[in-house]
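Novice: Fold the following, please.
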Amino acid sequence: MADEDKSEKGSPKKREEARKRGSVVRSRDLPSSLALLTVAMLLRFGQHGWVAVWRDLFRHLLAAAAGHADMRVVAPLLNWTAWGVLRWAAPPMAAAWGISLLAMLAQSGLVISPEALEFQISRFNPVSNLSRVFSFAGLSPLLKSLIPGSYLAYLGFSLLQREWYPIMHSSQRALTDAVTWQFSLLYEFAWKGGMVLLTWSGVDYVLQKVSYERSLRMSKQEVKEEAKSDGNPQTRARIKRRRREIWRKQMLQRVSRATVVITNPSEYAVALEYIPEKMGAPVVVAKGRDLLAQKIKREARWYEIPIVENVALAQALYRSVEIGDTIPAKLYTAVAEVLAFIYRAQAGLRAEQERRRNASAGAGAQPR
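Specialist: Sure thing, here's the model as predicted:
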């Protein structure tokens with residue numbers, strides 16, 4: 001399908017599929033630029049520490065050389081050298097590795113793509129690799145790297161041009177002064193080059209983001225076809241929400257069949273139906289918490305169904321009985337007491353109504 005027809009943003013499903021293939025937005029220059037700046041800062045502000053490391057190493061080496069070292073002291077010399085290099089290089093390398101890892105995770109998180117890790121013999125085909133290298137897609141990274149590379153070359157040339165006279169006469173400087181001056185030049189080139197790479201990595205990330213979003217675009221027809229399938233998370237959530245609404249509506253309609261509603265009083269509400277001639281035990285026809293409990297009680301008042309407050313029984317019924325199931329045997333006694341109370345109250349109400357009707361009929365039959 002033509003790209004101009006793909007005017008819709010990529011769906012969450014398509015983004016997830018691209019992520020599974022290892023296709024994410026990630027600037028490879030950002031970790032390296034941050035690592036370069038970190039190492040430059042550590043070497044600049046921690047120079048007293050590593051100067052002491054190298055001074056200690058040189059002292060050992062010179063002392064061994066002055067003592068006419070033979071083959072028996074070769075191992076200590078190698079140990080001193082290895083330990084000195086490790087003490088000097090380990091902190092910057094660890095910091096650079098940590099910063100690079102955090103920069104990669106900050107861009108796209110941890111992505112493990114089994115599809116990208118699969119062994120494919122076509123990857124080792126020299127013909128396809130050469131065609132990929134000399135294609136526009138293969139030359140694009142090279143062309144992009146020429147921009148910061150050219151500026152770094154200009155930066156190095158400008159530093160050499162500015163310091164050319166001191167460089168030519170550096171042999172006349174004292175050793176300590178010359179070393180300090182040389183490291184200051186290296187530090188200046190490192191932090192300025194790091195800032196150039198950091199700026200370019202930001203630009204590169206934006207370009208990759210735009211290209212990534214363009215590759216995920218979908219046509220309206222593709223969006224409609226995906227929306228019809230259950231694979232769309234938004235569609236599944238909408239269907240699930242609709243089913244929940246239908247289920248709650250049907251449950252509230254069943255409240256009209258209830259014999260009694262037992263409440264907490266405000267948190268729980270459980271509607272029980274019991275027909276002695278047809279049922280061996282009461283059945284839970286509706287239950288709910290909080291807002292749903294208030295709706296159940298509102299339906300019960302509408303249909304003039306008795307509402308009884310029993311905190312312990314309401315909680316037990318809500319937690320142990322599902323809708324449509326009979327109550328467990330351990331709750332028979334408690335529910336029977338509630339039903340007996342309801343039946344006595346209803347019988348008393350009917351007797352009072354009958355008495356009033358009889359009294360009214362007797363008063364109407366008296367002679368004038």
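
Novice: quick one: the strands in the stretch 251-368 of the chain?
Specialist: 260-263, 268-273, 283-289, 307-309 (DSSP state E, counting those that start in this stretch).

Novice: Who does the second one pair with, and is each partner parallel or antiparallel?
Specialist: In this case it means strand 268-273. Strand 268-273 sits in its sheet next to strand 260-263 (antiparallel), strand 283-289 (antiparallel), going by DSSP bridges.

Novice: Residue 38 is nearest to which of those strands?
Specialist: For residue 38, the closest of these is strand 283-289, at 53.3 Å, according to Cβ to Cβ. C-beta here means a position set from N, CA and C on the backbone, and glycine is covered the same way.

Novice: can you list contacts of the closest one?
Specialist: 251-252, 254-255, 257-258, 267-274, 295-296, 317-318, 321-327 (Cβ atoms under 8 Å, 6 or more residues apart in numbering).

Novice: ok, back up a step: need the winner for burial among the strands of the stretch 251-368 of the chain.
Specialist: With neighbours taken as mean count of other Cβ atoms under 10 Å, the strands of the stretch 251-368 of the chain reach their highest mean count in strand 268-273, at a mean of 26.

Novice: I'd like the distance from it to the chain centre, please.
Specialist: 40 Å (Cα atoms, centre = their mean, to the nearest Å).

Novice: do stretch 311-320 as well
Specialist: Worked out by Cα atoms, centre = their mean, stretch 311-320 lies 37 Å from the chain centre.

Novice: For the closest residue to residue 255 other than its chain neighbours, which residues are in contact?
Specialist: Leaving out its chain neighbours, the residue that sits closest to residue 255 by Cβ to Cβ, 6 or more residues apart in numbering is residue 299, at 4.1 Å. By Cβ under 8 Å, 6+ apart, the contact list for residue 299 reads 252, 255, 256, 305.

Novice: just residue 263 next, same as before
Specialist: Taking Cβ under 8 Å, 6+ apart, one finds 269, 270, 293, 297, 307, 308, 309, 310, 314 in contact with residue 263.

Novice: Kindly recompute the last result at 10 Å.
Specialist: Residue 263 sits next to 269-271, 293-294, 296-297, 300, 307-311, 313-314 when contact means Cβ atoms under 10 Å, 6 or more residues apart in numbering.

Novice: Out of these, which two sit at the greatest distance?
Specialist: Spatially, the most separated pair among those is 294 and 313, at 18.7 Å (Cβ to Cβ).

Novice: neighbour count winner among these two?
Specialist: residue 313 (21 against 15; other Cβ atoms under 10 Å).

Novice: re the thing from before, from the contacts of residue 299, list the buried ones, please.
Specialist: Among the contacts of residue 299, the ones that count as buried by 16 or more other Cβ atoms under 10 Å are 252, 255, 305.

Novice: would CSV of those with pLDDT and distance to residue 150 be doable?
Specialist: Below are those laid out as CSV (pLDDT from 0 to 100; distance: Cβ to Cβ, whole Å):
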residue, pLDDT, distance to residue 150
252, 85, 72
255, 87, 77
305, 87, 84
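
Novice: Out of the strands of the stretch 251-368 of the chain, the one nearest residue 162 is which?
Specialist: strand 283-289 (75.8 Å).

Novice: quick one: that closest one to chain centroid distance?
Specialist: Taking the mean of its C-alpha atoms, strand 283-289 sits 36 Å from the chain's own mean (Cα atoms, centre = their mean).

Novice: re earlier: pick out whichever of the contacts of residue 263 sits closest to residue 351.
Specialist: Nearest member of the contacts of residue 263 to residue 351, counting by Cβ to Cβ, is residue 308, at 20.5 Å.

Novice: Okay, now the unreliable bits of the stretch 1-150 of the chain?
Specialist: Across the stretch 1-150 of the chain, the ranges flagged by pLDDT under 70 are 1-4, 7, 11, 22-23, 46-54, 61, 64-77, 108-144.

Novice: Figure out which of the strands paired with strand 268-273 is closest to residue 348.
Specialist: strand 260-263 (15.9 Å).

Novice: For the closest one, give the mean pLDDT please.
Specialist: Confidence for strand 260-263, expressed as mean pLDDT, is 90.

Novice: re the thing from before, looking at the strands of the stretch 251-368 of the chain, which is closest to residue 193?
Specialist: strand 283-289 (62.6 Å).

Novice: pull the CA atoms of that closest one into CSV?
Specialist: Extracted C-alpha coordinates of strand 283-289, given in CSV (Å, rounded to 0.1, in the frame of the first residue of the first chain):
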residue,chain,number,x,y,z
VAL,A,283,-29.3,-18.7,46.6
VAL,A,284,-27.2,-15.6,46.2
VAL,A,285,-28.7,-13.7,43.2
ALA,A,286,-26.6,-10.5,43.5
LYS,A,287,-23.7,-9.1,45.5
GLY,A,288,-21.5,-6.1,45.4
ARG,A,289,-19.2,-3.6,47.3
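
Novice: for the protein, what spans make up the helices?
Specialist: 12-20, 29-45, 47-66, 74-108, 114-117, 126-133, 136-162, 164-168, 175-215, 220-228, 233-253, 291-302, 311-320, 332-365 (DSSP state H).
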